[in-house]
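K.L.:
Attaching a predicted model along with its sequence, questions to come.
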There are 4 protein chains.
Amino acid sequence: MKESKKDRIIDAAVRLFHTQGFDGTSVRDIASKANVNVALVSYHFGGKKGLYEELMTQFLEGHLQIMKNELEKTITTNKELVLSLIKSLLEYQSKNHFVARMVHREMTMDSVLVRELMSTYLRKEKHDLEEIIRTGMKRGEFRKQPLDFVVIHLRTMINMPFQSPHYLSELYQITTTEPYFIERYMKHIRHWVDLWLCKNQSEYTTTTTYLLPRSIS
Amino acid sequence: MKESKKDRIIDAAVRLFHTQGFDGTSVRDIASKANVNVALVSYHFGGKKGLYEELMTQFLEGHLQIMKNELEKTITTNKELVLSLIKSLLEYQSKNHFVARMVHREMTMDSVLVRELMSTYLRKEKHDLEEIIRTGMKRGEFRKQPLDFVVIHLRTMINMPFQSPHYLSELYQITTTEPYFIERYMKHIRHWVDLWLCKNQSEYTTTTTYLLPRSIS
Amino acid sequence: MKESKKDRIIDAAVRLFHTQGFDGTSVRDIASKANVNVALVSYHFGGKKGLYEELMTQFLEGHLQIMKNELEKTITTNKELVLSLIKSLLEYQSKNHFVARMVHREMTMDSVLVRELMSTYLRKEKHDLEEIIRTGMKRGEFRKQPLDFVVIHLRTMINMPFQSPHYLSELYQITTTEPYFIERYMKHIRHWVDLWLCKNQSEYTTTTTYLLPRSIS
Amino acid sequence: MKESKKDRIIDAAVRLFHTQGFDGTSVRDIASKANVNVALVSYHFGGKKGLYEELMTQFLEGHLQIMKNELEKTITTNKELVLSLIKSLLEYQSKNHFVARMVHREMTMDSVLVRELMSTYLRKEKHDLEEIIRTGMKRGEFRKQPLDFVVIHLRTMINMPFQSPHYLSELYQITTTEPYFIERYMKHIRHWVDLWLCKNQSEYTTTTTYLLPRSIS
DNA sequence: TATGAATGAGAGTTCATTCAT
DNA sequence: AATGAATGAACTCTCATTCAT
């Protein structure tokens, strides 16, 4: 069975929004890339804005769902919980990296939509992250630190690869979509969690200054 | 002496680009906010795009200049150098936070302009950052770690407040422009440098979980 | 059935281009004369230039078609062929005199478009005209003369009424569109062909110095 | 002494108007080609239109002056008069071929300016031409023919090279400005005058079918 | 005489959306 | 569900001209 026209629109839109932004993408661009009639966008999604918002909310709902699933796991330590959560969120964003990038960029705008999404989705995310950290501190697993910057730092670590993928690929030839990227990045994350969140001393087991040989040249 | 019309255009443009993005801002918006004739934008800057690029390159050149100045300082340790550099870059971005945000957002786009700016400015920045870290490692000041992710992490720490200012203000009521923000953030940075870059153990002196009382509520 | 909006645009454009030239005619002029929305010009013709070129090529293709039809006729003498060809081309231009004038004027410009049309259409026309004249000379029907200027002269005779219609109407009250104009002009042409192309001596049968009495005043 | 700025403007304008037409040429084009300030056009000529009209009237006044001079010559025959007149007008147009072309094209427009120039200059020209022909007919030098088309034909012969120079150069490699063009064209004209205007039989002395060997290929 | 800044008008084109089919 | 035609609004940019200097 062929992909439905509605899906074709979504695929085209995701790619174009991700590359050129919302205002930089025209409905005709989308329609012609999806090889469908222009009017179909309005028909199926109630307009360009509706399509855009649908993409955003779908992504953010999936994001929250991931967090919910992780939090419901029975886990031994909060450190394990954090690491598992980070990994899952990285994988989710990697799988939907076009939309991820689109969402991260949109979140830097000052619009009604953004404020709504902030309240609806990111407030919940923030709450969950705080809860994990706070509990870890109480249990003595995590170092006592000001909660706000810790959460922000944590969130930054999770999103960074998808917020600046162009920087990574252009200057370091790191593509966030290649199979082993998450594995590599998790190594860095694990180290960071050990040193920064927890009280433990930890060292990289490898002695190379670059993880990837080719980047050395 | 009154502000020239050219400057008025720049001021208006910075604010509008920062809020709505390039494509979301019309030349008429800028002209009417600056209270000048629409045609003046084309006259002085050769069009909307020319104005935009001028803002970007001016900012990035200032950015590189800051780095150059810092690197020429005679400093005792590389740790001091890194901290001083971070502080200066934070102050620079804070002073030009509208443009900073604009630049960071643009850098997530896939455009010819971005690739040019990457090669021209960010490559230089990357080179300098790598040099500092590498030297610090050689001297035994910094922990041996893969260079690529360390630099990226460092850069992320420097830019984060201006890359996601909306998140900070909306969810944590942290405004990056308030007088004491840099001081607060530098506390976090210093701690991070101690633990993460250097081998030292270091603890926050305060025991509060939030730096800012009002954020607790 | 009413005239389609596309056709209304064409009609309006032909009249306006003919009167004011390409650059002197605005898309809004055309649209308002055709009583359609401005955007329709871009929609149907891909812009003002596209509309213009379509008009030109349509006319020139018709022109070539006329010549092709004439050349395929079985004719007794080359003189008959020339006369029949001239008459058909005059009638074609008379029927499309607005476009004809537009094309003749455009052909005096130095543009890429003109050079393309020259190579594509006029080169073919030139070849056919040369062929007719050359064959007539070989057969002894036509006087031996330098081919280049003869062809140019012939072509000038065919186009003159539509290249300077304003001069004719303003100074001689001759309108190229009135029913009997071609008949009158062909009388002149026939005489010219006899004397100039062929070796025959020929006299006007009429003794009046003006063909049209009213022009005498 | 260097060329004055006013003259530089005229030179630039002539070239640009000739190439792109009035509406296709902007004041900024002219100013930048002449390497002067834009405002100078308005200052010296009272605007673009004023400059244009000055060029036109200057040319047409020179044209009339040529005719006046020729008519005042004491000449033996009207045939000699016609030939001398044609030659002088060809030389005048050749010397000012940019303006000539500009004027011929403008004369195909429907504008107030054109109607004014028609009444002012071309009416006089028409009158003179008619006078010459009519007198020649009375004297029995010229064949009796309808006066209107004869004058129109004569005028067409005089202007043709400058009305369709692009056709000549593009398809026949004939440049109207090359030194011997007028000589060559006058040969054609003389033949035409003999056969067409006068009653004489006349043959080309040369037997080549092309005047210019290179055009044969 | 000459200029750079500035302007209002209008240029061509693209926009997202609507509607009859 | 899908489409081509059509629209009004808005877009960026260029236009010829003016004006203070």
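P.N.:
Structure's in. What do you need? Residues are numbered from 1 along each chain as shown, chains lettered A, B, ... in the order given.
K.L.:
interface residues of chain A facing DNA strand F?
P.N.:
A:4-6, A:36-40, A:43 (CB under 7 Å from any atom of the strand). Placement of C-beta: from N, CA and C, glycine included.
K.L.:
Mind putting those into TSV with pLDDT?
P.N.:
Putting the residues of chain A next to DNA strand F into TSV (pLDDT from 0 to 100) gives the following:
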residue	pLDDT
A:4	91
A:5	93
A:6	95
A:36	96
A:37	97
A:38	96
A:39	97
A:40	97
A:43	96
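K.L.:
Within reach of chain D, which of these are there?
P.N.:
Contacts with chain D are made by none of the residues of chain A next to DNA strand F, judged by CB under 8 Å from any CB of the partner chain.
K.L.:
In ChimeraX, select just the buried ones from the residues you listed.
P.N.:
Only the buried entries of those go into this ChimeraX selection, using 16 or more other CB atoms under 10 Å in any protein chain shown:
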select /A:5,36,40
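K.L.:
Mind picking the two most distant members of the residues of chain A next to DNA strand F?
P.N.:
Distance extremes for the residues of chain A next to DNA strand F: the farthest pair is A:4 and A:38 at 17.1 Å, using CB to CB.
K.L.:
Show me how chain A divides into domains.
P.N.:
A:1-46, A:56-215 (automatic domain parsing).
K.L.:
Would you convert those domains into a markdown table that also reports distance to chain B?
P.N.:
Below are the domains of chain A laid out as a markdown table (distance: least, CB to the nearest CB, whole Å):
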| stretch | distance to chain B |
| --- | --- |
| domain A:1-46 | 3 |
| domain A:56-215 | 4 |
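K.L.:
For chain A, which residue occupies the most central location?
P.N.:
Centroid-nearest residue in chain A: residue A:93, 4.2 Å away (criterion: CA atoms, centre = their mean).
K.L.:
Tell me if I'm right that that residue and residue A:162 touch.
P.N.:
Yes. Assessed by CB atoms under 8 Å, residue A:93 is found in contact with residue A:162 at 4.8 Å.
K.L.:
Can I take it that residue A:54 is in a helix?
P.N.:
Yes. Per DSSP: H, G, I helix; E, B strand; the rest coil, residue A:54 lies within a helix segment.
K.L.:
which residue ranges form the strands in chain A?
P.N.:
Using DSSP state E, no strands are assigned anywhere in chain A.
K.L.:
Where does pLDDT dip in chain A?
P.N.:
A:1-2, A:200-217 (pLDDT under 70).
K.L.:
can you tell me how far the residue nearest to residue A:159 when sequence neighbours are not counted sits from residue A:53?
P.N.:
Excluding the flanking residues, the one nearest residue A:159 by CB to CB, 6 or more residues apart in numbering or on different chains is residue A:104, at 6.2 Å. Distance, residue A:104 to residue A:53, using CB to CB, to the nearest Å: 16 Å.
K.L.:
And for residue A:78?
P.N.:
35 Å.
K.L.:
These two: which has the busier surroundings?
P.N.:
residue A:78 (21 against 17; other CB atoms under 10 Å in any protein chain shown).
K.L.:
my guess is the more buried one meets residue A:135, correct?
P.N.:
Yes. Counting by CB under 8 Å, a contact exists between residue A:78 and residue A:135, whose distance comes to 5.8 Å.
K.L.:
thinking again about what came up before, residues contacting the residue nearest to residue A:159?
P.N.:
By CB atoms under 8 Å, 6 or more residues apart in numbering or on different chains, the contact set of residue A:104 is A:159, A:162-163, B:108.
K.L.:
With distance to residue A:47 and neighbour count added, can I get those residues in TSV?
P.N.:
Below are the contacts of residue A:104 laid out as TSV (distance: CB to CB, whole Å; neighbours: other CB atoms under 10 Å in any protein chain shown):
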residue	distance to residue A:47	neighbour count
A:159	29	23
A:162	27	23
A:163	28	27
B:108	25	21
